[in-house]
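Asker: A predicted structure for the sequence below; I have some questions about it.
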Amino acid sequence: MTTREVEHETTIHAPAAAVYRLLAEVANWPRIFPPTIYADREECGAGQERIRIWATANGEPKTWTSRRTLDAEALRITFRQEVTAPPVAAMGGTWIVEPMTGDTSRVRLLHDYRAVDDDPHDLLWIERAVDENSTAELAALKENVERDHAAQAQELTFSFTDTVTIDGSAKDAFDFVNEAGLWPERLPHVARVRFTEDTPGLQELQMDTRAKDGSTHTTKSYRVAIGHHRIAYKQVTLPALMTLHTGVWTFKDTDDGAAVASSQHTVTLNTDNIARILGPEATVADARAYVHGALSTNSLATLGHAKDHAERMR
């Protein structure tokens, strides 16, 4: 079997320890890396962990499981895919963070990989995916670490959660949100949906949503359904005021026979478009309030209909 090896690198204006921390915490990855939809830590031990990642490769959603070895002293993280996604037969590599000065680092990303049956077409596909994802990941890592280090992210990136209590089962509420293909019939603010789920639990959702003024806007998201209690998603086609929008729907039965359903959002504002969308006097605080209000309105509408559905099913 032919093993290919490749290396990508970038220079980041931030201390090496800060860069390493961001890489070590996989919960950060959907926020930092454009291809990553969701990342979940399944096992954790001393310097070892097993993580599951859902991400796009050449525009296709994929999922795989990796083992990681973390060495905070050496600022090095090695990874090896345990469960690969065809056409990949094997994939591994190393993140290496090297201090250059007190506040400048070099990050090297090494990969080694093999294709199923050494197929030349598949090797080219993997080569392209690794090159595109590595380039995008390093550019995004640089941008995010430098922005965090400059202490601007607190203002532009924010999270919030909307919650409802349901006199019914969490699974019925989950089903309502999971069955997004039925949303145009079930949700007044959804005009059109294109929903595919070629791999169970890994969904692509394109949706036209109606605003209060009657206009519609189109968004595209990848979603990951986990059990009957969690749906994580990442928008890849975004409204003009956002550069990032990730979220998680969660559903939980309570001890008293009811259920709680929540919609959590994490957003990064696009400052370039604030004046164009909200007017020349608008501030970052105005944009935060506007985006929070718009997303909460839709979330609470969906949660309300999910609640009605679950209570009818009881």
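Answerer: Arrived safely. Numbers count the residues shown, from 1 in each chain.

Asker: just the helices in this protein please.
Answerer: With DSSP state H, the ranges of helices along the chain come out as 16-24, 29-32, 120-149, 153-156, 170-178, 183-186, 274-278, 284-313.

Asker: P99 is nearest to which of these?
Answerer: When those are compared by C-beta to C-beta, helix 16-24 sits nearest P99, at 4.1 Å. The way it works is simple: take the backbone N, C-alpha and C, and place the C-beta from them, glycine included.

Asker: that closest one packs against which elements?
Answerer: Secondary-structure packing of helix 16-24 (3 or more C-beta pairs under 8 Å, 6 or more residues apart in numbering; DSSP states H and E): strand 76-83, strand 88-101, strand 104-115, helix 120-149.

Asker: tell me which of the ones you listed is the most buried.
Answerer: For the helices and strands packed on helix 16-24, the largest average neighbour count (mean count of other C-beta atoms under 10 Å) is found in strand 104-115, namely a mean of 19.

Asker: how is this structure divided into domains?
Answerer: Following automatic domain parsing, one finds the domains of the chain at 4-151, 154-313.

Asker: quick check: mean pLDDT of the longest one?
Answerer: Along domain 154-313, the predicted confidence averages to a pLDDT of 94.

Asker: one more: the first one?
Answerer: Throughout domain 4-151, pLDDT has a mean value of 92.

Asker: what's around the closest residue to A282 other than its chain neighbours, how many residues?
Answerer: Closest residue to A282 apart from its sequence neighbours, by C-beta to C-beta, 6 or more residues apart in numbering: I274 at 5.1 Å. Other residues near I274 number 20, with proximity taken as other C-beta atoms under 10 Å.

Asker: tell me the contacts of I274?
Answerer: Taking C-beta atoms under 8 Å, 6 or more residues apart in numbering as the contact definition, I274 lies against 241, 282-284, 286-287.

Asker: which among those residues count as buried?
Answerer: 241, 282, 287 (16 or more other C-beta atoms under 10 Å).

Asker: I'd like those residues as CSV, with distance to T56 appended.
Answerer: Listed next are those as CSV, based on distance: C-beta to C-beta, whole Å:
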residue, distance to T56
L241, 23
A282, 33
A287, 27
